[in-house]
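J.: need the 3D shape of this:
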Amino acid sequence: MNKTISNNDIVSQLEGLIVSDMDGEKVMLSIENGKYYNLGETGGEIWDCMKEPISIQDLIQSLVKEYDVREYECSEQVLRFIDRLAEEGLVKVEFV
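T.: Residues are numbered from 1 along each chain as shown. Have a look, this model is predicted:
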């Protein structure tokens, strides 16, 4: 991915993934690349928020309200997480 993902961009789940909850953590299998991913508890919550297209900023605001985390730290971690998902071809990013 050549573009840098920012808070203004819109992100959503891609189809073709088998997703399940295991002991409170979200795990998924990509049919396309045959890889298994453990998103963890917070990653699973981020994943659930992306069922419908959502701006990364709205996603961050939702997490800041739910968790005891500063917006700057949350933004940094969410952007890194989404960037990794995008590199693996697991999410669709619409650059704004």
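J.: can you list the weak-confidence ranges in this protein?
T.: Low-confidence segments of the chain (pLDDT under 70): 1-2.
J.: for this protein, which segments count as strands?
T.: 10-13, 17-22, 25-30, 36-39, 54-55, 91-94 (DSSP state E).
J.: can I get these in JSON lines including distance to residue 78?
T.: For the C-beta atoms, the positions are set from N, CA and C on the backbone; glycine is no exception. Supplementary listing: these in JSON lines, determined by distance: least, C-beta to C-beta, whole Å:
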{"stretch": "strand 10-13", "distance to residue 78": "9"}
{"stretch": "strand 17-22", "distance to residue 78": "19"}
{"stretch": "strand 25-30", "distance to residue 78": "15"}
{"stretch": "strand 36-39", "distance to residue 78": "13"}
{"stretch": "strand 54-55", "distance to residue 78": "11"}
{"stretch": "strand 91-94", "distance to residue 78": "12"}
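J.: can you list those in a markdown table and add distance to residue 69 and mean neighbour count?
T.: Output for the strands of the chain, formatted as a markdown table (distance: least, C-beta to C-beta, whole Å; neighbours: other C-beta atoms under 10 Å):
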| stretch | distance to residue 69 | mean neighbour count |
| --- | --- | --- |
| strand 10-13 | 19 | 18 |
| strand 17-22 | 22 | 12 |
| strand 25-30 | 19 | 17 |
| strand 36-39 | 17 | 15 |
| strand 54-55 | 18 | 16 |
| strand 91-94 | 21 | 16 |
